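**Q** make a model of this:
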Amino acid sequence: MKTGIFSALFLLTIAGQLTAQRCNTFFYQQEQLKNSTGQAETMKAIESFITQHTAGIENNSTAKIEGNIIKIPVVVHILYHSPSEKISNERVQSQLDVLNKCFRRQNADSVKTPVFFKPYATDCEIEFQLATSDSRSRSTTGIIRKYTPITKWAVDDRMKFSATMGDDAWDAGSYLNIWVCNLDKLAGYSSLPGNDPSKDGLVIDFDAFGTINSGSGYDQGKTAVHEIGHWLGLKHLWGDENCGDDGVYDTPKQASYTSGCPSNIRITCSNGPFGDMYMNYMDFTSDACMNLFTKGQKARMRAVFESGGPRNAIISSKGLNQPLFFEAPLPENDPKINRVPG
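**A** Next up, the predicted model:
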């Protein structure tokens, strides 16, 4: 009973603090499980699939987790209310550049990985490119800008549907959808493999998207790195409970999330002598302190692309193909601003 009470208090504490922090994916997923018939069984089957396809890696240092570079077509839905929110192509590209550097371990700050964790850090061999062709083989920039009267969005997926003044997802089997909007008191959240395809993708707040000079701590584009980790099946390092299990063999157990940008060794859950791996992309540290995925995380993410896996279809996506049809882009005229409370 004491353990149950402690876990409940722990989660309530996180719930109260996450509203001003990086990620709300865990609580978003709890709502999906509660409201979607059969979702729990689907998630259980996917977890079993991932476990099966990563079995043996922990105890076999020669196990092969390398492969072809996986290239993912990306569609960015920019939902703006004021003209100042129509972020530029250059800022969108800056976010893609960050994703590729972080997932390929080509990020300059990889030198900051503590020496005792460097043997675990790896190139995930996953890349991201703006889509060049839509589902009907028409040319696209992979960037959609859409005016909305909504001034602020919540973690309720309304931004993912035109019917609720957002923008509809592109085919989740062929594209990674990223919605960029004014997300209330939160940097981002993501769907997980196996969630409703019409809601599949991640949502990122304007102030956490791309490389900007906001001074928010989330201004180097790494919120999207974190959320794509979830989109590819990763959990938070602490397993969303005190000293929980993230399903990855080479990430140390830790008590909870890490705020800010610590520099000292933080020992929790008897994980000495090296302590928490708080510089991992799946913690909540500031962007300046995040710099690695591990080999175990790579194996877990790449497993979802295996035959029969929940992200396998994207391997054969035509989203990066040469388009067959070219159309002149429509002019982006700002409508008269109408305010609808978020």
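**Q** every contact and neighbour count from this point should use C-alpha atoms.
**A** OK.
**Q** scan the helices and strands of this protein for the one with the lowest mean pLDDT.
**A** Lowest on mean pLDDT, DSSP states H and E among the helices and strands of the chain sits helix 2-18, with a mean of 39.
**Q** could you pull out the helices for the stretch 201-342 of the chain?
**A** All helices of the stretch 201-342 of the chain, identified by DSSP state H, counting those that start in this stretch, fall at 222-231, 295-303.
**Q** what's the following helix or strand after the least confident helix or strand of the chain?
**A** With elements assigned by DSSP states H and E, the helix or strand that comes after helix 2-18 is helix 25-35.
**Q** which secondary structure elements does the following helix or strand past that next one contact?
**A** Following helix 25-35 in sequence order, the next helix or strand is helix 39-54 (DSSP H and E). Helix 39-54 makes packing contacts with helix 25-35, helix 295-303 when contacts are defined by 3 or more Cα pairs under 8 Å, 6 or more residues apart in numbering; DSSP states H and E.
**Q** could I get these as JSON lines with mean pLDDT?
**A** Shown next, in JSON lines, are these (pLDDT from 0 to 100):
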{"stretch": "helix 25-35", "mean pLDDT": "92"}
{"stretch": "helix 295-303", "mean pLDDT": "97"}
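**Q** tell me the most buried of these?
**A** When these are scored by mean count of other Cα atoms under 10 Å, the highest mean neighbour count falls to helix 295-303 (a mean of 24).
**Q** give me the helices and strands touching it, please.
**A** helix 39-54.
**Q** for residue 327, give its distance to residue 134.
**A** From residue 327 over to residue 134 the distance is 12 Å, taken as Cα to Cα, to the nearest Å.
**Q** and what of residue 223?
**A** Separation of residue 223 from residue 134 (Cα to Cα): 26 Å.
**Q** ok, these two, which is more surrounded?
**A** Set residue 223 next to residue 134 and count neighbours by other Cα atoms under 10 Å: residue 223 wins out with 30 against 24.
**Q** who's in contact with that one?
**A** Residue 223 is in contact with 22, 23, 187, 188, 204, 208, 209, 287, counting by Cα atoms under 8 Å, 6 or more residues apart in numbering.
**Q** redo these as a markdown table? Include pLDDT.
**A** Formatted as a markdown table, these follow (pLDDT from 0 to 100):
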| residue | pLDDT |
| --- | --- |
| 22 | 79 |
| 23 | 94 |
| 187 | 95 |
| 188 | 97 |
| 204 | 98 |
| 208 | 96 |
| 209 | 97 |
| 287 | 96 |
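**Q** and of those, the nearest to residue 172?
**A** Distance to residue 172 across these (Cα to Cα) is lowest for residue 204, with 17.3 Å.
**Q** wait, that closest one sits on residue 185?
**A** No - the criterion here is Cα atoms under 8 Å, and residue 204 misses it with residue 185 at 11.2 Å.
**Q** who's more crowded, those two?
**A** Neighbour count, other Cα under 10 Å: between residue 204 and residue 185, residue 204 has more, with 26 against 15.
**Q** excluding sequence neighbours, find me the nearest residue to that one.
**A** Spatial nearest neighbour of residue 204, excluding adjacent residues (Cα to Cα, 6 or more residues apart in numbering): residue 188 at 4.4 Å.
**Q** any regions of this protein where pLDDT drops low?
**A** 1-21, 58-66, 328-342 (pLDDT under 70).
**Q** would you quantify the distance from the most centrally placed residue in it to residue 33?
**A** Centroid check for the chain by Cα atoms, centre = their mean gives residue 227 as the closest residue, at 1.5 Å. Separation of residue 227 from residue 33 (Cα to Cα): 19 Å.
**Q** dump the residue contacts of the nearest residue to residue 216 once chain neighbours are set aside.
**A** Counting by Cα to Cα, 6+ apart, residue 207 is the residue found nearest to residue 216 once chain neighbours are left out, at 7.5 Å. Residue 207 is in contact with 187, 214, 216, 218, 219, counting by Cα under 8 Å, 6+ apart.
**Q** now do residue 252
**A** Residue 252 makes contacts with 237, 271, 275, 276, 277, as judged by Cα under 8 Å, 6+ apart.
**Q** try it again at 10 Å.
**A** By Cα atoms under 10 Å, 6 or more residues apart in numbering, the contact set of residue 252 is 237-238, 243, 245-246, 267-272, 274-278.
**Q** backbone dihedrals for it, please?
**A** Per-residue torsions, residue 252: phi -60, psi 150 (degrees, to the nearest 10).
**Q** also residue 320?
**A** Torsion angles, degrees, to the nearest 10, at residue 320: phi -110, psi 10.
**Q** count of neighbours near residue 172?
**A** Residues lying near residue 172 (other Cα under 10 Å) number 18.
**Q** verify the stated contact: it with residue 199.
**A** Yes - under the criterion of Cα atoms under 10 Å, residue 172 makes contact with residue 199 at 8.5 Å.
**Q** re the thing from before, what touches both of residue 327 and residue 134?
**A** Common neighbours of residue 327 and residue 134, counting by Cα under 10 Å, 6+ apart, are residue 140.
**Q** tell me the secondary structure at residue 96.
**A** helix (DSSP: H, G, I helix; E, B strand; the rest coil).
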